[in-house]
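# What would the 3D arrangement of this be:
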Amino acid sequence: MTPLGYILLPLGVAGLLVSPRWLYRLFVFWTLFSATSVLNVGEAQNGSAVQVWMFFGALWILRLGLERVSLFSFSIDNRLKRTSFWMIAFLVVATISLVMPVLIDGSLLIAAPTFEGDPTPLVLTGHNITQLLYLIFGGTLAICVAHANLTDDNREETERVILYSGIFLACWGIFQFLCNITGLPYPDFLLNNSGSASGQGFRQALKDIGVQRVSSAAVEPSVLAQALLSLLPLTLPAWLKRGFVFSRRRDRLIALLFVVVLILSTSSVAYVGLAILGLTYVVYSVRTGRFSKRKAIAVFVPVGILATAIVAVAIISVPFVSQIADSVLLSKASSGSAIERAMTISYAFGYFQKYPILGIGWGSATSHDVIVKLLSNVGIVGTVVFFWGIFSIVRSNWRRISRGNSPLELSREAWLMSLVSFVLTSVLIEFPLPFGNFWLIIGMSMATAATARGLPVAARARPAVANAPLRTEP
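Below you'll find the predicted structure:
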């Protein structure tokens, strides 16, 4: 148990006994803190961590389960059945895929994740079971989050809590940056206490120029960037004068804070992700009719060209910016980590070619990307089910978007953009199984897709209620 774990344990027990709502709030707040744990198991390369969001999420699910048992009610809301079906289907396929290590029974050699050890024969191990349980836990959380956010008031609360979490994470990142440039000792024992080897991203540096990177309380800078990128859409209505979460001015300041930390993270995911968000907004604006295709091209293409030109000039004329760009982007392809990443993808794709239907079993292969990771572990069947599930959520939201400024419409816009950007940036890093904000985003997107389903037209047209999420301006 970590020192932070001893502090949070009484809060979790109190929430379990008294208030499931507080357990939910604590779960939401800690979803961004992927390098923060309540319990570490093992040491060094073999270590693992129970993250804080997992702790509160497990207690929340336990409390919900006890309530369902007491009421003898176990059904899924009718509005969520379609999207929940695909989530459950993927969990079932991942479970069935564990028959593959049993059938292979050592006839296939698996490369070590870091290529430091000798290849090992593939057999079913406790690691496969643990990884499957993590997946089932995340999927269950997503469905529970969707159930908990079918009303405007509940979505408002979730959006406020997750933005508070993002603010804290961003401020902690700035504090880490100040420690790096001033030489002050960074108190990593507070929030970077994960015992997992993957949780030591706060130690990363740009070796060519000796600049310490900013990861805040995330496992690495790219994960910090992905977390903040996924929250930026919540601040978009404030810029467009259509609504807000806190207030128009505060939401804009929050967005600027996030952008500053994204730049300080020196993560290529941050820079690519900002471009993805911009393109997503353009497509969304054309879909809702705010811009015609011609106007979108006339406005956003020159903006994109101007932004590219400014970046190019900065890289050419400012030596420090040039060094950063070379280290983060241009030299990355020849770096050791990039070569290792490419090798994991190559090996994993080879496993998929040998066992294309169900892969070699969930949790068996390491691959630093989403697509090959899925193909190698759950084969064509699991990959198709996973992406069709994501597509069904996106499609359900896409069909219901409009030019309206109702709280539901603003929430739908924000979480749809968040989901799309998160999935696309995950292609650059890895399957986001260990990250609580991934399951939160899926759950919120399921909720916004389901809220209007099955309601009469008159009910869909009701005006926004007071204190609704992403409130419209008076």
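# show me where the stretch 351-474 of the chain has helices.
Ranges of helices in the stretch 351-474 of the chain, per DSSP state H, counting those that start in this stretch, are 371-400, 407-426, 436-450, 457-460.
# how near is L8 to F246?
Applying CB to CB, to the nearest Å, the value for L8 to F246 is 26 Å. For every residue, glycine as well, the C-beta is placed using N, CA and C.
# pLDDT weak spots in the stretch 51-200 of the chain?
Low-confidence segments of the stretch 51-200 of the chain, defined by pLDDT under 70: 113-117.
# Can you show me the strands along it?
For the stretch 51-200 of the chain, strands defined by DSSP state E, counting those that start in this stretch occupy the ranges 109-110, 120-121.
# next one: the stretch 201-350 of the chain
So, for the stretch 201-350 of the chain - with DSSP E, counting those that start in this stretch - the strands run 205-206, 211-212.
# Measure how far stretch 347-356 is from the centre of its chain, please.
26 Å (CA atoms, centre = their mean, to the nearest Å).
# same question, stretch 341-350
Centroid displacement of stretch 341-350 relative to its chain, using CA atoms, centre = their mean, is 23 Å.
# Then stretch 248-256?
Mean-position distance between stretch 248-256 and its chain equals 22 Å (CA atoms, centre = their mean).
# could you dump that stretch to CSV, C-alpha only?
C-alpha atoms of stretch 248-256 as CSV (Å, rounded to 0.1, in the frame of the first residue of the first chain):
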residue,chain,number,x,y,z
ARG,A,248,-17.4,31.5,-20.7
ARG,A,249,-14.2,33.2,-19.4
ARG,A,250,-13.2,30.3,-17.1
ASP,A,251,-13.6,27.7,-19.8
ARG,A,252,-11.5,29.7,-22.2
LEU,A,253,-8.7,30.1,-19.6
ILE,A,254,-8.9,26.3,-19.0
ALA,A,255,-8.4,25.7,-22.7
LEU,A,256,-5.4,28.0,-22.8
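# how about that stretch: buried residues?
Buried residues in stretch 248-256, counted by 16 or more other CB atoms under 10 Å: 248, 251, 254-255.
# Please apply the same query to stretch 99-114.
For stretch 99-114, a neighbour-count test (16+ other CB under 10 Å) marks 100-101, 104, 108, 110-111, 113 as buried.
# Please apply the same query to stretch 135-152.
Applying 16+ other CB under 10 Å to stretch 135-152 flags 135, 137-150, 152 as buried.
# Distance of V385 relative to G379?
V385 is 10 Å from G379, by CB to CB.
# I meant Q200, not that one.
32 Å.
# Could you check which of those two is surrounded by more residues?
The neighbour comparison of Q200 against G379 (other CB atoms under 10 Å) goes to G379, with 22 against 17.
# count of neighbours near the closest residue to the more buried one other than its chain neighbours?
Using CB to CB, 6 or more residues apart in numbering and skipping residues adjacent in sequence, the residue nearest G379 is G359, 3.9 Å away. Using other CB under 10 Å, G359 is surrounded by 28 other residues.
# thought G359 was touching V372?
No - with contact defined as CB atoms under 8 Å, G359 does not reach V372; the gap is 10.2 Å.
# anything in contact with each of these two?
Counting by CB atoms under 8 Å, 6 or more residues apart in numbering, the residues touching both G359 and V372 are F352.
# coming back round to it: now the strands of the stretch 51-200 of the chain as JSON lines including distance to A217?
Formatted as JSON lines, these follow (distance: least, CB to CB, whole Å):
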{"stretch": "strand 109-110", "distance to A217": "32"}
{"stretch": "strand 120-121", "distance to A217": "33"}
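# and of the ones you listed, who's closest to Y24?
Closest to Y24 of those is strand 109-110 (CB to CB; 38.7 Å).
# Now find how far off-centre that closest one is within its chain.
Relative to the mean C-alpha coordinate of its chain, strand 109-110 is positioned 30 Å out (CA atoms, centre = their mean).
# Output the contacting helices and strands for that strand.
Here strand 109-110 touches strand 120-121, going by 3 or more CB pairs under 8 Å, 6 or more residues apart in numbering; DSSP states H and E.
# Tell me the one of the buried residues of stretch 248-256 nearest S196?
I254 (29.6 Å).
# what about the spatially closest residue to that closest one that is not a sequence neighbour, distance to V420?
Leaving aside its chain neighbours, I254 sits nearest to T235 (5.5 Å; criterion: CB to CB, 6+ apart). Distance, T235 to V420, using CB to CB: 17 Å.
# circling back to that earlier point, can I get the buried residues of stretch 248-256 in JSON lines including pLDDT and distance to V283?
Converted to JSON lines, those look like this (pLDDT from 0 to 100; distance: CB to CB, whole Å):
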{"residue": "R248", "pLDDT": "93", "distance to V283": "25"}
{"residue": "D251", "pLDDT": "95", "distance to V283": "22"}
{"residue": "I254", "pLDDT": "97", "distance to V283": "24"}
{"residue": "A255", "pLDDT": "96", "distance to V283": "20"}
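# need these in JSON lines with distance to W22, can you?
Below are the buried residues of stretch 248-256 laid out as JSON lines (distance: CB to CB, whole Å):
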{"residue": "R248", "distance to W22": "29"}
{"residue": "D251", "distance to W22": "25"}
{"residue": "I254", "distance to W22": "24"}
{"residue": "A255", "distance to W22": "28"}
